[in-house]
Structure formats: C-alpha cells, structure tokens
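Asker: The following block contains a protein sequence and its predicted model.
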Amino acid sequence: RFGKVGGDTPTDCREPTGNSTLSKYNGEVLPPCVCTPGTGCSETVLYSSIGSVAVAIFVRVALGTLLERYGPVNVQCGLMIF
C-alpha cells in the first residue's frame with residue numbers, strides 16, 4: 001500500500017504519509033489468523049497453552065517417578081542417551 005521497508009528483504013511496511021487515515025497494512029492481503037474477534041487465532045493460542053501445561057505436568061510426574069525409582073544419576077544418564 002505504502003511500500004516496503006528493507007529493500008529486497010522487507011522487514012515491515014512503510015508508515016502512511018501525509019493525512020492518510022489508512023492502516024499501513026492491507027487487511028485483504030493478511031492471513032485470516034489475525035487476532036480479531038471472529039477468527040480462530042485466540043482459540044489456537046488457548047489450546048497451545050493448555051497443551052503446554054498438560055505436557056509439563058505429565059513430564060514432571062513421569063520424571064519424578066523415575067527419579068524415585070532409579071535415582072538421579074541413572075535417570076540423567078538415561079536422558080542423555082535418549
């Protein structure tokens with residue numbers, strides 16, 4: 001819309017010049033996952049956060065069990081081999 005910043009490897013869009021009230025980004029060209037109401041972007045972030053916490057809890061329980069059963073030295077050696 002207003003040009004690129006960065007030449008051959010663009011890093012951003014140029015700021016509007018003058019009295020333009022238009023955004024520097026063209027909304028018709030952007031992908032649909034812009035976090036605005038009605039898009040699935042916020043759901044994706046939510047599910048990613050839930051998955052991250054669930055995996056962290058599982059790994060802590062699994063490693064805690066292994067540490068108690070086999071000891072820290074053996075568990076660490078097993079993790080380094082894995």
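Answerer: Looks like it came in fine. Numbers count the residues shown, from 1 in each chain.
Asker: contacts and neighbour counts: CA atoms only from here.
Answerer: OK.
Asker: per-residue pLDDT, the residue nearest the centre of the chain?
Answerer: In the chain, the centroid-proximal residue (C-alpha atoms, centre = their mean) is residue 45; its distance is 7.7 Å. Residue 45 is assigned 83 on the pLDDT scale.
Asker: repeat for residue 24
Answerer: 71.
Asker: Quick check: it vs residue 75, distance?
Answerer: Between residue 24 and residue 75 the computed distance is 54 Å (C-alpha to C-alpha, to the nearest Å).
Asker: and the lengthiest helix in the chain, which residues are buried?
Answerer: Secondary structure assigned by DSSP state H gives helix 41-70 as the longest helix of the chain. By neighbour count on 16 or more other C-alpha atoms under 10 Å, the buried set for helix 41-70 is residue 63.
Asker: immediately after it, which helix or strand?
Answerer: Moving toward the C-terminus from helix 41-70, the next helix or strand (DSSP states H and E) is helix 72-81.
Asker: Report the angle between the longest helix of the chain and helix 72-81.
Answerer: Going by axes from the mean of the first three to the mean of the last three C-alpha atoms, to 10 degrees, helix 41-70 is angled at 130 degrees with respect to helix 72-81.
Asker: Pull the distance from helix 41-70 to the chain's centre.
Answerer: 17 Å (C-alpha atoms, centre = their mean, to the nearest Å).
Asker: next one: stretch 8-17
Answerer: Averaging C-alpha positions (C-alpha atoms, centre = their mean) puts stretch 8-17 23 Å from its chain's average.
Asker: Let's see it as CSV, backbone CA atoms only.
Answerer: Extracted in CSV, the C-alpha atoms of stretch 8-17 (Å, rounded to 0.1, in the frame of the first residue of the first chain):
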residue,chain,number,x,y,z
ASP,A,8,15.0,-6.8,-1.2
THR,A,9,14.3,-8.5,2.1
PRO,A,10,11.4,-6.5,3.5
THR,A,11,11.0,-6.2,7.3
ASP,A,12,7.8,-4.1,7.5
CYS,A,13,5.5,-1.8,5.6
ARG,A,14,6.2,1.9,5.4
GLU,A,15,4.2,4.2,7.6
PRO,A,16,1.4,6.2,5.9
THR,A,17,2.5,9.7,4.7
